[in-house]
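Fold the following, please.
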Amino acid sequence: MCGGPIRRYGILVLTPLLLVACSSSEQNPGREGESPHPSGSASTKPGGATAQPAAGSEDAGTIDADPARLPATRSAALDLIARVIADPESFGPGVVRRSPYESDPATWPVLGTDCVWHQEKPAGSVLATVTRSFEVPAAQGKGPIRLSAVVTVHRTREDARWEMAESIEETMRCPTQQLRKGETIGSMVSASLLQGESGQNGSEDALTEFGEYRSTELGGPHPYSWQQSQMLQFTLAVTGRGAKGRTEDEISDLTTQAQAAMELRLKSAVEKQS
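Below is the predicted model of the structure:
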């Protein structure tokens with residue numbers, strides 16, 4: 001899939017991350033209950049090769065990480081996720097929990113060959129992953145905004161990078177995706193920024209997608225927004241799905257605020273302490 005522009009839902013989008021992913025794939029080829037991005041095969045490499053753990057002294061992007069504070073077990077990863085993952089306040093006023101609030105950490109979504117998201121056992125590269133679901137309730141003639149946040153802890157930084165690269169690949173092969181019965185997304189426009197590009201200094205890699213959401217319950221098309229960032233062995237993602245009377249800017253503001261909150265929490269949780 002490398003060597004050319006990404007064709008997303010009939011729109012050609014050149015992304016810097018694809019160039020990085022393609023370059024990396026020459027050496028190591030290789031999404032959250034409500035959100036269509038993490039991949040279920042982030043640890044898959046040709047020949048079954050296993051990524052080596054990132055050294056604690058490796059450049060950590062915007063985090064000067066303390067190796068002793070990086071989780072190496074499932075229990076430690078779940079503890080870190082609980083401290084990092086967004087809560088309603090992370091999005092701002094008016095956001096409430098949806099039920100069920102948290103996903104089963106024994107599963108995560110995988111995009112099948114039929115372009116439908118299925119719940120499966122997490123990939124071997126994953127120490128732990130949790131999704132939370134939120135909502136801005138319908139009010140004053142406007143429909144609800146459905147929101148979700150996910151934090152995934154991989155065993156290595158390389159595995160987290162593969163999740164980012166595979167998120168691009170998934171959109172390329174599935175121009176329309178079914179989130180669940182009666183819900184689809186499409187007409188996506190995407191962008192990716194590595195650290196330092198266009199003032200993006202919050203993470204090592206950052207992906208953003210905007211598109212259209214349709215559902216039998218809420219109709220459509222309505223605005224759809226997804227953000228995902230990668231730092232060290234962690235990926236953080238937020239999704240927003242609109243409804244009648246909701247604007248793209250409104251949903252983008254909510255997802256951006258929660259994404260930034262999780263990035264700050266992650267830095268505080270793992271960086272070196274003076």
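
Which helix or strand contains Glu170?
helix 157-173 (DSSP states H and E).

List the buried residues of that helix.
By 16 or more other CB atoms under 10 Å, the buried positions in helix 157-173 come out as 157-171. C-beta coordinates here come from the backbone N, C-alpha and C atoms, glycine included.

List just the nearest of these to Gln273.
Nearest to Gln273 among the buried residues of helix 157-173 is Arg157, at 20.9 Å by CB to CB.

I'd assumed Thr235 was in contact with the closest one.
No: using CB atoms under 8 Å, Arg157 makes no contact with Thr235, being 10.5 Å away.

centre of the chain versus the helix holding Glu170, how much separation?
10 Å (CA atoms, centre = their mean, to the nearest Å).

Next secondary structure element downstream of it?
Immediately after helix 157-173, counting by DSSP H and E, sits strand 177-180.

what does that following strand contact?
Contacts of strand 177-180 from elsewhere in the structure, counted by CB atoms under 8 Å, 6 or more residues apart in numbering, are Glu34, Pro36, Leu111, Cys115, Val116, Trp117, Glu170, Thr184, Ile185, Gly186.

contacting residues for the fifth one?
If a contact means CB under 8 Å, 6+ apart, then Val116 has Gln177, Gln178 as its contacts.

try 10 Å this time
Listed by CB atoms under 10 Å, 6 or more residues apart in numbering, the contact partners of Val116 are Pro109, Val110, Cys174, Gln177, Gln178, Leu179, Arg180, Lys181, Thr184.

Tell me, how many residues neighbour the fifth one?
What that stands for is Gln178. When neighbours are defined as other CB atoms under 10 Å, Gln178 has 18 of them.

for the one 10 residues further on, same thing?
With neighbours defined by other CB under 10 Å, the count for Met188 comes to 20.

Distance of Tyr213 relative to Cys115?
15 Å (CB to CB, to the nearest Å).

And those two? Which one has more around it.
Tyr213 (25 against 15).

so the more buried one is in which element?
strand 205-215.

so after that strand, what's the next helix or strand?
Using DSSP H and E, the first helix or strand after strand 205-215 is strand 219-231.

Which elements pack onto that next one?
strand 145-154, helix 157-173, strand 183-194, strand 205-215, strand 234-241, helix 248-270 (3 or more CB pairs under 10 Å, 6 or more residues apart in numbering; DSSP states H and E).

Spit out the contact partners of Gln233.
53-54, 65, 70-72, 77, 125-127, 152-161, 270.

no wait, Ile251
Counted by CB under 10 Å, 6+ apart, Ile251 has contacts 136, 145-147, 210, 213, 222-225, 239-243.

State the pLDDT value of it.
Confidence at Ile251, expressed as pLDDT, is 95.

try the one 10 residues further on
Confidence per residue is given as pLDDT, and for Ala261 that number is 96.

quick one: it from Val116, how far?
For Ala261 relative to Val116 (CB to CB), the value is 31 Å.

Glu248 too?
Glu248 is 25 Å from Val116, by CB to CB.

Tell me the secondary structure at Ala72.
Following DSSP: H, G, I helix; E, B strand; the rest coil, we place Ala72 in the coil state.
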